[in-house]
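*Asks:* Please work out how this folds:
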Amino acid sequence: MTTSVLVTGGAGRIGRVLTDALADRYDFRVLDRDPIAPERLPAGIDPAAVFVGDITDRALVDEAIDGCAAVIHLAGDPRPEAGWPSVLENNIDGTYTVYRAAVDAGCERIIFASSNHAVRGYETPERLPQLYEAGDDFRLDGTERLRPGNLYGLSKATGELLGRWVHDETGIAVMNVRVGNLTLGHPPVAYPRGQAMWLSGRDCVQLFDRCLQAEYDYGIVYGISANDRRYYSLAPGRALLGYEPEDNAAEWDGTTRR
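*Replies:* Residues are numbered from 1 along each chain as shown. The predicted model follows:
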């Protein structure tokens, strides 16, 4: 039997990568605030499974999530410079609404797209720029305290804490993926920080697929590829999910693989 999965923010970059690649494995439903043109709808997704509206609309979220075994929560204001009114409504209130709906619908798991910005405060002047180089041994592994670098990061940190509370209160499985820098085709060019946290398209698909398949209670993993230069540990993803990334930013020279 195919697992039904709601993807909030499914019209965004991560959502489209996942639904394009995994539509034959999961019965996806998509909830997005913007309509999706028919030609942009991933193959295998029924137009009737696309819901348009805001994630703070509890009735709409209830309708979209009814019968789903899992939710991949991607929706929210993704701007690092986003102001408080927006992150409060879209990223905090919206996340709470989705989590309560997931629990009430009997979902088995919530997969939350957190962000590197939830811990960007560790990128201190004394650690830069060597932090972004292959020889630096500083690593964040998910056990460190939250240290957001902006209001967007604060909203993602709040989402992780909401997930911790919801899991402890209800027992629903929650996995927080601190997404790095997803660019398709090749790593960011001339951007050491982006290369250190690069997440390739196929590694992104594998990671979220493992989040849907593995057994866990509550966890935090870093969403990056196996880059030589990195300051996020891959150990939690391997241990909790069996995630084994295949790509490495160091294997690319400009826009081509070496």
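*Asks:* mind checking how far the nearest residue to Gln130 once chain neighbours are set aside is from Arg210?
*Replies:* Spatially, and ignoring its direct neighbours in sequence, Gln130 is nearest to Asp136 (4.9 Å; C-beta to C-beta, 6 or more residues apart in numbering). Backbone N, C-alpha and C define where each C-beta goes, glycine included. From Asp136 across to Arg210, the span is 27 Å (C-beta to C-beta, to the nearest Å).
*Asks:* between the two, which one's more packed in?
*Replies:* Arg210 (20 against 16; other C-beta atoms under 10 Å).
*Asks:* how far away is that one from Arg230?
*Replies:* 19 Å.
*Asks:* what do you get for Gln195?
*Replies:* For Gln195 relative to Arg230 (C-beta to C-beta), the value is 9 Å.
*Asks:* So, low pLDDT: which residues of the stretch 151-258 of the chain?
*Replies:* Within the stretch 151-258 of the chain, the segments meeting pLDDT under 70 span 258.
*Asks:* Now do the strands in it.
*Replies:* 173-179, 181-182, 198-199, 218-223, 252-253, 256-257 (DSSP state E, counting those that start in this stretch).
*Asks:* now, of these, which is deepest in the fold?
*Replies:* strand 198-199 (a mean of 28; mean count of other C-beta atoms under 10 Å).
*Asks:* contacts for that strand?
*Replies:* Contacts with strand 198-199, where a contact means C-beta atoms under 8 Å, 6 or more residues apart in numbering, come from 179-183, 187-188, 207, 223-225, 227, 247, 249.
*Asks:* The closest residue to Ala11 other than its chain neighbours bridge partners, please.
*Replies:* Excluding the flanking residues, the one nearest Ala11 by C-beta to C-beta, 6+ apart is Asp32, at 4.0 Å. When bridges are called by DSSP bridges, Asp32 pairs up with Val52.
*Asks:* Tell me who's in contact with Asp32.
*Replies:* Contacts of Asp32 by C-beta under 8 Å, 6+ apart are Thr8, Gly9, Gly10, Ala11, Gly12, Gly15, Val50, Phe51, Val52, Ala75.
*Asks:* Please repeat the previous calculation with a cut-off of 7 Å.
*Replies:* Counting by C-beta atoms under 7 Å, 6 or more residues apart in numbering, Asp32 touches Gly9, Gly10, Ala11, Val52.
*Asks:* can you check Leu18 too?
*Replies:* Val7, Ile72, Val205, Phe208 are the contacts of Leu18 under C-beta under 7 Å, 6+ apart.
*Asks:* Can I get the strand or helix carrying Ile14 in PDB? Just the C-alpha atoms.
*Replies:* Here Ile14 sits within helix 13-22, counting by DSSP states H and E. Taking C-alpha atoms only, helix 13-22 is exported to PDB below (Å, rounded to 0.1, in the frame of the first residue of the first chain):
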ATOM      1  CA  ARG A  13      12.300  24.100  -4.700                       C
ATOM      2  CA  ILE A  14      12.700  21.300  -2.200                       C
ATOM      3  CA  GLY A  15       9.100  20.200  -2.600                       C
ATOM      4  CA  ARG A  16       9.400  19.900  -6.300                       C
ATOM      5  CA  VAL A  17      12.700  18.000  -6.100                       C
ATOM      6  CA  LEU A  18      11.000  15.500  -3.800                       C
ATOM      7  CA  THR A  19       7.700  15.100  -5.500                       C
ATOM      8  CA  ASP A  20       9.300  14.800  -9.000                       C
ATOM      9  CA  ALA A  21      11.600  12.000  -7.800                       C
ATOM     10  CA  LEU A  22       9.400  10.100  -5.400                       C
END
